[in-house]
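give me a 3D structure for the following:
(one chain, ligands or ions: 2)
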Amino acid sequence: MKIALLGYGKMGKTIEQIAINRGHEIVLKIDKDNTDYDITLADVAIDFSIPNVAFNNISNCLNNGVPVISGTTGWLDNFNNAVNLCNDKKGAFIYASNFSLGVNIFFEMNKYLAKMMSNLKQYNVSMEEIHHTQKLDAPSGTAISLANDIISNNNNFSDWKLNENGENIIPITAKRIEDVPGTHTITYASEVDTITIDHVAHNRQGFALGAVIAAEWIIGKTGVFTMNDVLNIG
Ligand SMILES: NC(=O)C1=CN([C@@H]2O[C@H](COP(=O)(O)OP(=O)(O)OC[C@H]3O[C@@H](n4cnc5c(N)ncnc54)[C@H](OP(=O)(O)O)[C@@H]3O)[C@@H](O)[C@H]2O)C=CC1
Ligand SMILES: O=C(O)C1=N[C@H](C(=O)O)C[C@H](O)C1
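Ligands and ions are numbered 1, 2, ... in the order given. Prediction:
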């Protein structure tokens, strides 16, 4: 498979290694100094870039009939536009805030726990995410997915806020510590006890492998998909 890497930073480089080991060819490596390119050279594009260019990258792929996998976070104001464009062009598109198998299992655990806690109003939920100091967005895309899944599965919470408490609010704390690949912790606390679940990434390999598996999976398909479709979980 011929892969275009839209974004050739920490993730782009990790994806390159894994893709080559799985027998793929990298035909484009795009960073901020190299934005004039022919996307049709690729069978599939993998976008791990920066929030304010992700939607343009995705649109360029969809307008040129190239399936696109995006892991870039912090651009979701334009998510519905990407979905509409994909449907108009009969293209293929997957966005995931987190491509790792472990986090996708953690997403399911979070939904299950949120459902169980729905009738237990004595528990307040809170979330903490920790990432490396170069991260541009906060809270992380993964934390936003986790919070939205709690809201969909638990009537006690209707919104999330960064560093803010309040009735029916899920407070999210974002910490930035050098070299941390990604840690997410969900805490339910009552007066008598605390329940915590967490996911700790040890490196970026899990995110990158998931993105390459999604790129292999999407070839020949039409539509907007999620990692649940790819991994067949949930
Ligand atoms: N969904 C998931 O599983 C995961 C998502 N992420 C997300 O992926 C994104 C990238 O993360 P990471 O690799 O750590 O970040 P980096 O900062 O290491 O890499 C970002 C890359 O984007 C490039 N870039 C800048 N402008 C453009 C442009 N116009 N077109 C294409 N590329 C451009 C940068 O180029 P230059 O170096 O020249 O500035 C750089 O190569 C982030 O949004 C992060 O949150 C990260 C890990 C997992
Ligand atoms: O920027 C990162 O590094 C990561 N970003 C994603 C997010 O915002 O959730 C996924 C992962 O946690 C690493």
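
and for the residue nearest to K221 when sequence neighbours are not counted, the neighbour number?
Spatial nearest neighbour of K221, excluding adjacent residues (C-beta to C-beta, 6 or more residues apart in numbering): A92 at 5.1 Å. C-beta here means a position set from N, CA and C on the backbone, and glycine is covered the same way. Neighbour count of A92, defined by other C-beta atoms under 10 Å: 23.

what's near enough to touch A92?
P67, V68, C86, I218, K221, T222, G223, F225 (C-beta atoms under 8 Å, 6 or more residues apart in numbering).

what about 6 Å?
P67, I218, K221, T222 (C-beta atoms under 6 Å, 6 or more residues apart in numbering).

of these, keep whichever come out buried.
P67, I218 (16 or more other C-beta atoms under 10 Å).

mind putting the contacts of A92 into JSON lines with pLDDT and secondary structure?
Converted to JSON lines, those look like this (pLDDT from 0 to 100; DSSP: H, G, I helix; E, B strand; the rest coil):
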{"residue": "P67", "pLDDT": "98", "secondary structure": "coil"}
{"residue": "I218", "pLDDT": "98", "secondary structure": "helix"}
{"residue": "K221", "pLDDT": "98", "secondary structure": "coil"}
{"residue": "T222", "pLDDT": "98", "secondary structure": "coil"}
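
can you put the contacts of A92 in JSON lines and add distance to ligand 1?
Listed next are these as JSON lines, based on distance: C-beta to the nearest ligand atom, whole Å:
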{"residue": "P67", "distance to ligand 1": "17"}
{"residue": "I218", "distance to ligand 1": "15"}
{"residue": "K221", "distance to ligand 1": "19"}
{"residue": "T222", "distance to ligand 1": "22"}
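
which one of the contacts of A92 is nearest to K29?
P67 (18.2 Å; C-beta to C-beta).

quick one, phi psi at that closest one?
phi -60, psi 140 (degrees, to the nearest 10).

apart from its chain neighbours, what residue comes closest to it?
P67's closest residue in space is A92 (C-beta to C-beta, 6+ apart), at 3.8 Å.

so the one you found versus ligand 1, what's the distance?
17 Å (C-beta to the nearest ligand atom, to the nearest Å).

dig out what that residue forms beta bridges with.
G223 (DSSP bridges).

in the longest helix along the chain, what's buried?
Longest helix of the chain, by residue count under DSSP state H: helix 101-116. The neighbour-count check on helix 101-116 (16+ other C-beta under 10 Å) flags L101, V103, N104, F106, F107, N110, K111, L113, A114 as buried.

again, but for stretch 200-207
Result for stretch 200-207 [16+ other C-beta under 10 Å]: buried residues A201, R204, G206, F207.

can you give me the helices in this protein?
Along the chain, counting by DSSP H, helices occupy 10-21, 51-63, 79-89, 101-116, 141-153, 205-218, 227-231.

how about the residues of the protein by ligand 2?
Within the chain, the positions near ligand 2 by C-beta under 6 Å from any ligand atom are T73, S97, N98, H131, K135, S140, G141, T142, G182.

show me which of these neighbour ligand 1.
Applying C-beta under 6 Å from any ligand atom to the residues of the chain next to ligand 2, those adjacent to ligand 1 are T73, S97, N98.

what is the neighbour count of the last one?
Which is N98. 26.
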